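Participant: Predicted model, plus sequence, below.
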Amino acid sequence: MKKRAALAILCALGVCATVLAANYPEPQQGDFVLKDFTFHTGEKMPELRVHYRTIGDPANPAVLILHGTTGNGGSMLVPRFAEQFFGPGQALDAGKYFIILPDAIGTGQTSKPSDGLRGAFPLYNYDDMVLAQYRLLTEGLGVKHLRVIVGNSMGGMHAWVWATNYPDFMDAIVPLASQPTAMASRNWIMRRMIIDAVRNDPAWKDGFYDEQPEHFRMVNVWYGIATNGGSLYYNDKAPTREAADALLADRMAKQTTMDANDFVLQWDASRDYDPVPKLDRIKCRVLAINSADDERCPVESDLMEKTIARIPNASYCIVPGGPDTAGHGTVMNAALWRQQLETFMQCLP
């Protein structure tokens, strides 16, 4: 516990660091088609399209940035994240590194159910998603090695999968808002609830619905409030029942461009995530960063401390809760832990 407190204090120091203005090149976008892609179930797609963004010179050491569930590579370019890292002299300086931001299977402009297959789209998992990223890098972009992988939430879990499935491919990983433990407990229970709520909607029709199922919009809002934002945020924004009702009404009224098939498979992909049996394969340096108020990765469980202890050259940082944190979404406010990544990158062999 003393070690955890010390790490939390170190993370807090990052808040005081001067924020540098970002000045990185315009991201370039592209698509690469993976031929004869075989999923873990044995199902095959003759062509699987993978969309990606890159920043910087391909001749430089490569950095892979991985997004969270329902996001895409572009969602990692928000100023509070990208402007902390990709500018001159920053930890992932786009003038020194070749930064790659792919859209995972089922998201963004990468192949997904709503492209046409709908309910017939293969039931993919995180191993499939990471395999597609690996093939994009090696076959499409000619990348033979990564300096570091930084991933948020689902992207953090993908970073753990990368380190266990391809242990020689990277020097380091920085998994954010994630745990290298089996998908279980409240995290899976709530995911299972939103998945089942959509699939049990009378309008679902095995994924071949005529209109977006009504349950889809409701559970999307419910899950977002239940597992993201942090208690302090909601205490501030909804201090009365009337204010809480207004906040809920506002979120329910917002239109979503998401598709129910895409939504269900994105969350269901985590069902068999469990890097624990392969943790002894990890060879790279590890800096895991979570937040004290994360609803999906509760620090009080001590799971991270016990797991990190099994991994050589691994360290764990907890961002303490406060007025600038947002529960599971805290790590996307990169000013809160920027200093830790800078130190970590400087110390890599």
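Facilitator: Arrived safely. Numbering: from 1, shown residues only.

Participant: Confirm V150 sits in a strand?
Facilitator: Yes: V150 forms part of a strand when assessed by DSSP: H, G, I helix; E, B strand; the rest coil.

Participant: so what's it closest to, chain neighbours aside?
Facilitator: V174 (4.5 Å; C-beta to C-beta, 6 or more residues apart in numbering). For glycine as for every other residue, the C-beta is placed from the backbone atoms N, C-alpha and C.

Participant: Name every strand pairing with the helix or strand encompassing that neighbour and say which way it goes.
Facilitator: Using DSSP states H and E, V174 maps to strand 170-176. With DSSP bridges as the test, strand 170-176 is paired with strand 146-152 (parallel), strand 285-291 (parallel).

Participant: Next SSE downstream of it?
Facilitator: In the C-terminal direction from strand 170-176 (assignment by DSSP H and E), the next one is helix 185-199.

Participant: Identify all contacting residues around that following helix.
Facilitator: 183, 204, 213, 215-216, 218-220, 222-223, 226-227, 260, 263-264, 267-268, 270-271, 296-298, 301 (C-beta atoms under 8 Å, 6 or more residues apart in numbering).

Participant: hang on, K278 packs against Y166?
Facilitator: No: in this structure K278 lies outside contact range of Y166 using C-beta atoms under 8 Å: 11.1 Å.

Participant: Between these two, which is the more surrounded one?
Facilitator: A side-by-side neighbour count of K278 and Y166, using other C-beta atoms under 10 Å, places Y166 first with 19 against 15.

Participant: So for that one, what's the pLDDT?
Facilitator: Looking at Y166, its pLDDT is 98.

Participant: and the spatially closest residue to it that is not a sequence neighbour, how many neighbours?
Facilitator: Of all residues not flanking Y166 in the chain, Y134 sits nearest, at 6.1 Å (C-beta to C-beta, 6+ apart). Neighbours of Y134 under the rule other C-beta under 10 Å: 16.

Participant: where's the closest residue to V331 other than its chain neighbours relative to S153, distance?
Facilitator: Distance criterion C-beta to C-beta, 6+ apart; nearest residue to V331, sequence neighbours excluded, is L176 at 4.2 Å. As defined by C-beta to C-beta, to the nearest Å, L176 lies at a distance of 7 Å from S153.
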